[in-house]
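Student: pasting a predicted model and its sequence here:
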Amino acid sequence: MTNIIKEFYDVVIVGAGVGGGAMANRLAEAGASVLVIERGNYLPREADNWSVKAVFHDKKYTAKETWRDRDGKTFNPSTYYYVGGNSKFFGAATVRFRAQDFEVLEHEGGVAPAWPIRYGELAPYYDIAERLMGTHGLAGADPIEPPRSGPMPHPPIGHEPVIEAIAAKLRAKGLRPFPLPIAIDRHDGGTCIRCATCDGFACKLGAKNDAELRLIGPALRSGKVDLILDTKVERLLTDASGRKVIGIDARHNGAPLTIKGDLFISAAGAINSTALLLRSATDRHPRGLGNNGSDQLGRNYMAHNNTAMMAINPLRRNPVVFQKSLCINDFYLANTVRPYPLGNVQGLGKLQGGMLTANTRFVPEWLMNRFAERSVDWWIMSEDLPDPENRVTVDGDGTIRVSYTPNNLKSHTELVRHWSKLMRSIGFPIIITQKMDITVAMHQCGTARFGTDPASSVLDPYCRVWDVDNLYVVDASFLPSSTGFNPSLTVVAQAVRVAEHIAATVLKTPAAA
């Protein structure tokens, strides 16, 4: 870490999450001098990292800012400004998108568009991304797994007895459950203790393979990367032609700061990257950088249809500790239940009563605690589809507005209903569900889609802004569709791909193997 910066950098990266971390990691290995700018600081390792009250009730670690929804109602987003970004609190699932996700895919509620690249182009970068993130899993176990060149970097973490028994019951029902690919430090010599406070919590042991530990830390140790903290980038500065970014205006601990560089990468997340490009409007770019040719900047915001489920057997306690080890993809594509995709089901980190009562009114915590002691918990995720009217904008007072109306809900509702039926059939008669709302911004994507036509996309296939020669956006903004998985691994894979391209064509140095 340093707050003493140079006058000029080869590459300036805004954001120290998975996209910015992977870019810094790979470009440093390619020999570039890199500055990473982080709006927050390091998240302290402390007892409150694992406190339900601190994390879910007091929201101690969430961003202290207010956004607006489509109707102008204010809300506090569940997003995080730290080195590592939202990955500090993610569930560590690192799943490749399916080959079909890169093609036109028909859903009940509409069409997920084709990507400008196919799975085969990203596959070798997925290999690198899994190694960078330290993924545990079992190659070939997923019934719809796309082709891969070899095994996972680490073997699966295994199921606790209760989860293994459920997997056996699901197999007896004709399903094909498999070990969830997950990025935790569980190999020999690792620090993971398989605790109950992983999914949705930060790890006070540093045993979750988040962007700070796996990407930013190694980049800093290379000696080629500087990191400045507590610095909010307010706008990107362009030259007179409007074709080149020459610097940024920022505020470091409230004081103005200008940083110069040769190449700029926004990796602040799909919402904040959009806001930054919109705030950077000039006479040459009156609607924001990247918006002039297509009017697509900020549009097509997606964040998945997500539901947390408690499947409860009131007569039997569930002694499981680390529950997030099982995944089911039998309903991800057209399936025996419906002739169209429904989504993904995976184990959810073990719910505790206070986690649900934080967002549930009129339900006594003692009752939720009793349920949580007897529940098996699931995260049910379905694709939401790109809609140009679902968009991110910046109001006149500078407040971010997220205008979002959920879609493809019938498929998600059917998956939740079918999984509820399955759970009852294997001995869990009480089902409690909670659908996530707009305040949960953990899977944000799609606001600066990449493509082959400047008229319908913001970025080219290597994530360069079409109408600015030296500006790239490398976070989940680039996704043309949300798919049905956490985008983190795909963001890392694309960042590795983009870094290799930049090293070869801009820096003209060989990228690290």
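Tutor: Alright, I've got the coordinates.

Student: can you pull out the helices in the stretch 301-450 of the chain?
Tutor: 353-357, 365-373, 409-425 (DSSP state H, counting those that start in this stretch).

Student: for K244, which of those is the nearest?
Tutor: If you check each of the helices of the stretch 301-450 of the chain against K244 by CB to CB, helix 409-425 wins as the nearest, at 43.6 Å. For every residue, glycine as well, the C-beta is placed using N, CA and C.

Student: pLDDT below threshold where in the stretch 251-400 of the chain?
Tutor: Low-confidence segments of the stretch 251-400 of the chain, defined by pLDDT under 70, span residues 356-363.

Student: strands of that one, start to end?
Tutor: 255-266, 305-312, 326-328, 344-347, 375-382, 391-394, 400-403 (DSSP state E, counting those that start in this stretch).

Student: picking that back up, mind giving me JSON lines with the helices of the stretch 301-450 of the chain and columns for mean neighbour count?
Tutor: Conversion of these to JSON lines gives the following (neighbours: other CB atoms under 10 Å):
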{"stretch": "helix 353-357", "mean neighbour count": "21"}
{"stretch": "helix 365-373", "mean neighbour count": "16"}
{"stretch": "helix 409-425", "mean neighbour count": "18"}
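
Student: make TSV out of the ones you listed and add distance to A24.
Tutor: Written out in TSV, the entries for the helices of the stretch 301-450 of the chain read as follows (distance: least, CB to CB, whole Å):
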stretch	distance to A24
helix 353-357	33
helix 365-373	39
helix 409-425	36
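
Student: just confirm A28 is within a helix.
Tutor: Yes - looking at A28 with DSSP: H, G, I helix; E, B strand; the rest coil, it is inside a helix.

Student: circling back: can I get the strands of the stretch 251-400 of the chain in JSON lines including distance to F485?
Tutor: Written out in JSON lines, the entries for these read as follows (distance: least, CB to CB, whole Å):
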{"stretch": "strand 255-266", "distance to F485": "23"}
{"stretch": "strand 305-312", "distance to F485": "12"}
{"stretch": "strand 326-328", "distance to F485": "10"}
{"stretch": "strand 344-347", "distance to F485": "6"}
{"stretch": "strand 375-382", "distance to F485": "7"}
{"stretch": "strand 391-394", "distance to F485": "22"}
{"stretch": "strand 400-403", "distance to F485": "21"}
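
Student: returning to what we had before: tell me which of the helices of the stretch 301-450 of the chain lies nearest to S266.
Tutor: With CB to CB as the yardstick, what comes closest out of the helices of the stretch 301-450 of the chain is helix 409-425 (30.6 Å).

Student: just checking, what packs against the closest one?
Tutor: Counting contacts by 3 or more CB pairs under 8 Å, 6 or more residues apart in numbering; DSSP states H and E, the secondary-structure elements packed against helix 409-425 are strand 305-312, strand 375-382, strand 430-435.

Student: hmm, try it at 6 Å
Tutor: Using 3 or more CB pairs under 6 Å, 6 or more residues apart in numbering; DSSP states H and E as the contact criterion, the neighbours of helix 409-425 among helices and strands are strand 305-312, strand 375-382.

Student: relative to strand 430-435, how tilted is that helix?
Tutor: Helix 409-425 runs at 160 degrees relative to strand 430-435, counting by axes from the mean of the first three to the mean of the last three CA atoms, to 10 degrees.

Student: now do helix 409-425: distance to the chain's middle.
Tutor: Distance of helix 409-425 from its chain centroid, counting by CA atoms, centre = their mean, to the nearest Å, is 24 Å.

Student: can you list the residues that contact it?
Tutor: Outside of helix 409-425, the residues within contact range by CB atoms under 6 Å, 6 or more residues apart in numbering are 108, 305, 307, 311, 331, 337, 342-343, 345, 380, 382, 431.

Student: which of those residues are buried? Put it as a PyMOL command.
Tutor: The following PyMOL line selects those of the contacts of helix 409-425 that are buried, judged by 16 or more other CB atoms under 10 Å:
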select buried, resi 305+307+311+331+342+343+345+380+382+431
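
Student: of the contacts of helix 409-425, which pair is most distant in space?
Tutor: E108 and A311, at 24.6 Å, using CB to CB across these.

Student: hey, where'd the strands end up in the stretch 101-250 of the chain?
Tutor: In the stretch 101-250 of the chain, the strands defined using DSSP E, counting those that start in this stretch lie at 105-107, 110-112, 178-179, 225-228, 231-238, 245-252.

Student: nearest to N25, out of those?
Tutor: Closest approach to N25 among the strands of the stretch 101-250 of the chain is made by strand 225-228 (8.2 Å; CB to CB).

Student: neighbouring strands of the closest one in the sheet, and parallel or not?
Tutor: The sheet places strand 225-228 alongside strand 34-37 (parallel), with pairing taken from DSSP bridges.

Student: helices and strands of the protein: which one has the lowest mean pLDDT?
Tutor: The least trusted helix or strand in the chain, going by mean pLDDT, DSSP states H and E, turns out to be helix 353-357, with a mean of 68.

Student: could you check how many residues crowd around R497?
Tutor: Using other CB atoms under 10 Å, R497 is surrounded by 25 other residues.

Student: what distance do you get for the nearest residue to P461 once chain neighbours are set aside to L315?
Tutor: Setting aside the residues directly before and after it, P461 is nearest to P116 in space (CB to CB, 6 or more residues apart in numbering), at 4.6 Å. To L315, P116 is 53 Å away according to CB to CB, to the nearest Å.

Student: so if I had to pick from the two, which one is more boxed in?
Tutor: Legend: neighbour count by other CB under 10 Å for P116 and L315, higher for P116 (19 against 8).

Student: residue contacts, the more buried one?
Tutor: Applying CB under 6 Å, 6+ apart to P116 gives the contacts 450-452, 461.

Student: any idea how far A22 is from it?
Tutor: Applying CB to CB, the value for P116 to A22 is 20 Å.

Student: isn't P151 right up against A139?
Tutor: Yes - using CB atoms under 6 Å as the test, P151 is close enough to A139 to be in contact (4.7 Å).
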